[in-house]
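Trainee: Starting from these lines, generate the structure:
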Amino acid sequence: MGGPVGMPVFTLPLSSATADVFAIRPGQTLQTLVQGQPDNPFVSINGNKVPLGANSGLQPGQNVSVSVSPGPNGPQIQVQPNIVPPSGAGQPTAELPQMLTGVLRAMGALTHAGEAPGLVPPGMPASPAALRHLLSLFTERGQTGRDLQTLATAVSKAAQAGVLPANVADDLAWLTGQIVASAEKDIPKALRQAGGDAGRSLEAKLAAALKKGGLEGLADALRQDLRAQLGRLLEDKGLQEFLKANGGLREFGEAAKNVMERVTGSDLQNIRGLSEPYVYFELPFGPDAPIRQAQIHIFGRDGGRHRIDPEHVQAVMDLSTTAMGDLWIALMVTPGHCMCTIKATSPEAVEAVEGSSRELVEALSGAGYGGAAVRVGLWDGNRVREAAALMRGMSGVDVKA
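Mentor: Predicted coordinates for the structure are as follows:
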């Protein structure tokens, strides 16, 4: 592995089988962080732990380059520290690993330091706040559905008390009804809303509205944008005084903060869509729904006009359910073929999905996906590792196979 002159290279021999498990091609270099304790450091490669030993000279939190190369006695893994430029001399990308370490430590998620760099979209503005918003999508389960209902209820009470105009409460209640899937029948509507909003900034929506419908279109765009509505409510002094007097100010503020952070994180994740055919969105559910949360990634071949070709597409769903626990579902569609891979975190869930696999194939075929097949497997539930692997494999993806 070519590296900075004078920087020591730590080398470990590997068997061919072990090298295959790590899934690193000879010559490929990965950037990661040393994890563990000073007397037992390790690096994580594609979710696999590689002990470095106490005499490696490497410390937890240290930014390193990892590669696999041929050796005289077979493949070997090489770990080399990266030079950190003096303060003010480096580019933002050089500061990213250290910044990631600090953010993950503050979030109590330092165990994900090895996978986290792969989650940061190219071109994303690197700041602790931005990284926290982005990483929380994958390290924490959100509660956006419950938070939105908390906000809508508080605003409704304020309107009933004459503190806010009735149309303000109606607008938030309407938008919450569009976004949150409280029952199975609400899912198509919520999917359309979330998919339509994904990757579109408020500024872009306002520009399009002005071009299309003038001031009337602008007002409608503001009404349909969650950030715009919450921003207006958070600045309303009368609402704040009402909530404070009724003991609801703290709950309202926390719910609004949670929602805004999830929306911001989603916007940052969709930066990937600026350079490749990709879109990400979350689907909030009501507290009594059988699905607690759904995160959806859609990517594939460029179909022109910034659209993903529907005949060459992959959809990945990260679900948290009440009955079957966490599920990771990947659906690959190509002409005449559809492969659905489902990973579940318990043997009981795997057995249940396997027992329904025939019905799933029939449902996919009935939806127009011919040649459907279903694969089911047991999963350890590591969403961060799965998402990082998905982001690594997405660039240049070929869905012709």
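
Trainee: by contact count, what packs against the helix or strand hosting Glu241?
Mentor: Assigning secondary structure by DSSP states H and E places Glu241 in helix 237-245. Counting contacts by 3 or more Cβ pairs under 8 Å, 6 or more residues apart in numbering; DSSP states H and E, helix 237-245 is packed against helix 144-160, helix 249-269. C-betas here are computed from N, CA, C, even on glycine.

Trainee: Please name whichever of these is nearest to Gly108.
Mentor: Among the helices and strands packed on helix 237-245, helix 249-269 comes nearest to Gly108, with 16.2 Å by Cβ to Cβ.

Trainee: who's in contact with the closest one?
Mentor: 121, 124, 130, 133-134, 136-137, 142-144, 146-148, 150-151, 154, 198-199, 201, 226-227, 230, 233-234, 240, 243, 280-282 (Cβ atoms under 8 Å, 6 or more residues apart in numbering).

Trainee: Helices of the stretch 251-400 of the chain, start to end?
Mentor: Assigned by DSSP state H, counting those that start in this stretch, the helices in the stretch 251-400 of the chain fall at 347-355, 357-366, 383-394.

Trainee: check contacts around the residue lying closest to Ser182 once chain neighbours are set aside.
Mentor: Closest residue to Ser182 apart from its sequence neighbours, by Cβ to Cβ, 6 or more residues apart in numbering: Gly286 at 3.5 Å. Going by Cβ under 8 Å, 6+ apart, Gly286 touches Gly145, Arg146, Gln149, Val180, Ala181, Ser182, Ala183.

Trainee: Then Gln143?
Mentor: Gln143 touches Asn258, Gln293, counting by Cβ under 8 Å, 6+ apart.

Trainee: before we move on, what about Glu241?
Mentor: Val163.

Trainee: Against Ala166, how distant is it?
Mentor: Distance, Glu241 to Ala166, by Cβ to Cβ, to the nearest Å: 19 Å.

Trainee: Which strand in this structure has the most residues?
Mentor: Secondary structure of the chain per DSSP state E: the longest strand is strand 308-321.

Trainee: Which strands or helices does that strand pack on?
Mentor: Using 3+ Cβ pairs under 8 Å, 6+ apart, strand 308-321 sits against strand 291-302, strand 325-334, helix 383-394.

Trainee: Adding distance to Arg358 and mean pLDDT as columns, could you present these in CSV?
Mentor: Listed next are these as CSV, based on distance: least, Cβ to Cβ, whole Å; pLDDT from 0 to 100:
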stretch, distance to Arg358, mean pLDDT
strand 291-302, 23, 88
strand 325-334, 17, 93
helix 383-394, 26, 88
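
Trainee: closest to Ala113 out of those?
Mentor: Across those, closest to Ala113 is helix 383-394 (Cβ to Cβ), at 10.0 Å.

Trainee: what does that closest one rub up against?
Mentor: 46-47, 109, 112, 115-116, 118-119, 121, 138-139, 272, 276, 278, 297, 299, 316, 318, 326, 328.

Trainee: Flag every buried residue along it.
Mentor: Neighbour-count burial for helix 383-394 flags Arg383, Val384, Arg385, Glu386, Ala387, Ala388, Ala389, Leu390, Met391, Met394 (criterion: 16 or more other Cβ atoms under 10 Å).

Trainee: CA atoms only: put it into PDB for me.
Mentor: Provided in PDB are the C-alpha atoms of helix 383-394 (Å, rounded to 0.1, in the frame of the first residue of the first chain):
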ATOM      1  CA  ARG A 383     -28.600  -1.100  10.500                       C
ATOM      2  CA  VAL A 384     -25.500   1.100  10.400                       C
ATOM      3  CA  ARG A 385     -23.400  -1.600   8.800                       C
ATOM      4  CA  GLU A 386     -26.100  -2.400   6.200                       C
ATOM      5  CA  ALA A 387     -26.600   1.200   5.300                       C
ATOM      6  CA  ALA A 388     -22.900   1.800   4.900                       C
ATOM      7  CA  ALA A 389     -22.500  -1.200   2.700                       C
ATOM      8  CA  LEU A 390     -25.500  -0.100   0.700                       C
ATOM      9  CA  MET A 391     -23.900   3.400   0.200                       C
ATOM     10  CA  ARG A 392     -20.600   1.800  -0.900                       C
ATOM     11  CA  GLY A 393     -22.200  -0.500  -3.300                       C
ATOM     12  CA  MET A 394     -24.600   2.000  -4.800                       C
END
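
Trainee: Could you figure out how far it is turned away from strand 325-334?
Mentor: Angle, helix 383-394 to strand 325-334, by axes from the mean of the first three to the mean of the last three Cα atoms, to 10 degrees: 10 degrees.

Trainee: could I get the helices and strands packed on strand 308-321 as TSV with distance to Gly370?
Mentor: Output for these, formatted as TSV (distance: least, Cβ to Cβ, whole Å):
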stretch	distance to Gly370
strand 291-302	18
strand 325-334	10
helix 383-394	25
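
Trainee: just the buried residues of helix 383-394 now: which is nearest Gly377?
Mentor: Glu386 (12.1 Å).

Trainee: Could you measure from that closest one over to Asn40?
Mentor: Taking Cβ to Cβ, one finds Glu386 at 26 Å from Asn40.

Trainee: Okay, now the unreliable bits of the stretch 101-250 of the chain?
Mentor: 199-224 (pLDDT under 70).

Trainee: Spell out the residue ranges of the strands in it.
Mentor: For the stretch 101-250 of the chain, applying DSSP state E, counting those that start in this stretch gives no strands.

Trainee: Could I get the full set of helices for it?
Mentor: 128-139, 144-160, 166-179, 187-197, 202-223, 226-234, 237-245, 249-269.
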